[in-house]
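Novice: Next one to model:
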Amino acid sequence: MVQSKSWTPELEGLRGFASLWVLLGHICLLTQCPIPLLYDPGMGVDLFILLSGYLMAKNYQERAEKEPWNSVNTWQKFWLRRLFRIAPLYYLLLIVALIFGAWFGEMREIISNAWPTTTTLSSRYADRSLINIFSHLTFVFGLIPSLSYRTVLPDWSIGLEMQYYLIFPFIMLIIMRFGFAISAVMLMLFCLAARWLLPDYFNAFPMPSMILIKLPLFLAGMLISQAIRHRQIRYMGLALLAPVVAWQMRIAENHLRLIMECLLIAGMTGLLWQPQKRTRLTELFNYPRYLLTRPVSLFLGDVSYSVYLLHLMIVIPVIGLLVQTTAFSHLPSFVRFMAAACLCLPVTYLIALGLYHKVEKPGIALGKRMIGNPAAQPQREARSALTVGLLLMR
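Specialist: Okay, here's the model as predicted:
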């Protein structure tokens, strides 16, 4: 695949390890193996959010000359790109999740019986009501607390992502009017104010699937893009406000997550910053860059979306069947984790590879065809004019 000159291969590796973090984190949770940091798959999702904010801002600014920010046509192209990147695979796996929802619920109940601390409402997996199906097809479920967590898929974050895509062009218009720094701070403070003005609405969400809960982290990713683009570290300083605001919102946040989110922001900035001269600090990031650009890391990045969306449909049945048919629950916690990981990872990545080639890539290609290739339009017009000229000469 040919990449643009501005393509940063480290991003693919980061995305791949973020999805692996979420996968292993859920195995930790469901086998009750409290490995530090890994035990919190939400941190992997936070890394995805930072990457999403970074990439959206980076790509939008790089296309600004051809696709002006204040053009409705630009918004339509942006939304179509994102829809066809997300929706084809999501709709396919949503159908599977709805068809086999009751069985996934049974497997989840078995795990909950073995480890009551993992208990969740297993009946939510089997919800085939029209309102649940419609809300998931239209991606509005993330705004409705009672519907935001109703399938086996980790799709609360997909609904969150789609909300971000919806408002992103308008965020860029605000930035065009007030500048990056002022706009980001204003929007973070708006999220904080909304949290305290609408406490019951915010507290009703079982997962942080509503955009205002996680918008500060998306903005942090955008600020990282601005810091790297203009080589101004002050934007990274502003990005570090996001975890503080999230902590003050008091939704699924604690001191450890606050520290880790700050480290993720600083680490991402250092990793993606292209140094003009070698220093001890820049050399510190050379080894992570090397690891993230290896073929295996790029492979993990390619299949990351498929792995993320698919993994619970593999992990829950595998662990449920192990608990049901063996003495799995009596094994030491680390042995349980390793056994489940060894079974789940190969299956998940093999299926994800097929989904990437058969569903994701064709979906992306279809989106590009629908948008059309603006660069090729003048060539098509020139060919048409030449053809007409030749016909008139005959």
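Novice: May I see the buried residues of the helix or strand containing residue 267?
Specialist: Applying DSSP states H and E as the criterion places residue 267 in helix 255-272. The neighbour-count check on helix 255-272 (16 or more other Cβ atoms under 10 Å) flags 257, 260-262, 264-265, 267-272 as buried. Placement of C-beta: from N, CA and C, glycine included.
Novice: what does stretch 316-325 give?
Specialist: 316-320, 322-323.
Novice: Contacts only, for the residue nearest to the spatial centre of the chain.
Specialist: In the chain, the C-alpha closest to the average C-alpha coordinate belongs to residue 48, at a distance of 4.2 Å (Cα atoms, centre = their mean). Going by Cβ atoms under 8 Å, 6 or more residues apart in numbering, residue 48 touches 15, 18-19, 22, 157, 308.
Novice: where does it land on pLDDT?
Specialist: pLDDT recorded at residue 48 is 94.
Novice: Please apply the same query to the one 3 residues further on.
Specialist: What the model reports as pLDDT for residue 51 is 95.
Novice: which one of the contacts of residue 48 has the most neighbours?
Specialist: residue 19 (28 neighbours; other Cβ atoms under 10 Å).
Novice: coming back round to it: which ones among the buried residues of stretch 316-325 are found in helices?
Specialist: 316-320, 322-323 (DSSP state H).
Novice: I'd like to know which helix or strand in this protein has the lowest mean pLDDT.
Specialist: One helix or strand of the chain scores below all others by mean pLDDT, DSSP states H and E: helix 377-393, with a mean of 35.
Novice: tell me the phi and psi of residue 75?
Specialist: Note on residue 75: its backbone torsions stand at phi -60, psi -40 [degrees, to the nearest 10].
Novice: Leaving out sequence neighbours, find the closest residue to it.
Specialist: Once flanking residues are discounted, residue 75 sits nearest to residue 169: 4.4 Å by Cβ to Cβ, 6 or more residues apart in numbering.
Novice: Check which helices and strands the host helix or strand of residue 83 sits against.
Specialist: Residue 83 belongs to helix 72-99 when assigned by DSSP H and E. Applying 3 or more Cβ pairs under 8 Å, 6 or more residues apart in numbering; DSSP states H and E, one finds that helix 72-99 contacts helix 130-137, helix 156-178, helix 304-325, helix 361-371.
Novice: Dump those into CSV; add mean pLDDT as well.
Specialist: Putting those into CSV (pLDDT from 0 to 100) gives the following:
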stretch, mean pLDDT
helix 130-137, 96
helix 156-178, 95
helix 304-325, 96
helix 361-371, 91
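Novice: deepest of these, which one?
Specialist: helix 304-325 (a mean of 22; mean count of other Cβ atoms under 10 Å).
Novice: between that one and helix 72-99, how big is the angle?
Specialist: 10 degrees (axes from the mean of the first three to the mean of the last three Cα atoms, to 10 degrees).
Novice: Which helix or strand lies directly C-terminal to helix 304-325?
Specialist: helix 333-355.
Novice: Next, the buried residues of that next one.
Specialist: 336-337, 339-341, 343-345, 348-349, 351-352, 355.
Novice: phi, psi of residue 127?
Specialist: phi -80, psi 110.
Novice: Quick one: residues contacting the spatially closest residue to residue 151 that is not a sequence neighbour.
Specialist: Spatial nearest neighbour of residue 151, excluding adjacent residues (Cβ to Cβ, 6+ apart): residue 97 at 4.6 Å. Going by Cβ under 8 Å, 6+ apart, residue 97 touches 104, 125, 151-153, 313.
Novice: Closest to residue 364 out of the residues you listed?
Specialist: Residue 364 lies nearest to residue 153 out of the contacts of residue 97, by Cβ to Cβ, at 19.9 Å.
Novice: Was I right to think that closest one contacts residue 311?
Specialist: No. Contact criterion Cβ atoms under 8 Å: residue 153 and residue 311 do not qualify, at 9.6 Å.
Novice: Helices along the stretch 151-300 of the chain, start to end?
Specialist: Per DSSP state H, counting those that start in this stretch, the stretch 151-300 of the chain carries helices over the ranges 156-178, 180-197, 199-203, 211-230, 234-239, 241-249, 255-272, 280-284, 286-292, 295-302.
Novice: now for the helix or strand harbouring residue 112, which elements pack on it?
Specialist: Residue 112 is part of helix 101-114 when elements are defined by DSSP H and E. Counting contacts by 3+ Cβ pairs under 8 Å, 6+ apart, helix 101-114 packs against helix 304-325.
Novice: Only the C-alpha atoms, please, for the helix it packs on, written as PDB.
Specialist: Below are the C-alpha coordinates for helix 304-325, written out as PDB (Å, rounded to 0.1, in the frame of the first residue of the first chain):
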ATOM      1  CA  SER A 304      -6.500  -3.300  14.900                       C
ATOM      2  CA  TYR A 305     -10.100  -2.200  14.200                       C
ATOM      3  CA  SER A 306     -11.200  -5.800  13.400                       C
ATOM      4  CA  VAL A 307      -9.500  -7.100  16.500                       C
ATOM      5  CA  TYR A 308     -11.000  -4.400  18.700                       C
ATOM      6  CA  LEU A 309     -14.600  -4.900  17.400                       C
ATOM      7  CA  LEU A 310     -14.300  -8.800  17.300                       C
ATOM      8  CA  HIS A 311     -12.400  -9.800  20.400                       C
ATOM      9  CA  LEU A 312     -15.100 -10.100  23.000                       C
ATOM     10  CA  MET A 313     -17.000 -12.500  20.600                       C
ATOM     11  CA  ILE A 314     -14.000 -14.800  21.000                       C
ATOM     12  CA  VAL A 315     -12.900 -14.100  24.500                       C
ATOM     13  CA  ILE A 316     -16.200 -14.500  26.300                       C
ATOM     14  CA  PRO A 317     -17.100 -17.900  24.700                       C
ATOM     15  CA  VAL A 318     -13.600 -19.300  25.100                       C
ATOM     16  CA  ILE A 319     -13.400 -18.400  28.800                       C
ATOM     17  CA  GLY A 320     -17.000 -19.400  29.400                       C
ATOM     18  CA  LEU A 321     -16.500 -22.900  27.800                       C
ATOM     19  CA  LEU A 322     -13.200 -23.400  29.800                       C
ATOM     20  CA  VAL A 323     -15.000 -22.600  33.000                       C
ATOM     21  CA  GLN A 324     -18.000 -24.800  32.100                       C
ATOM     22  CA  THR A 325     -16.000 -27.900  30.900                       C
END
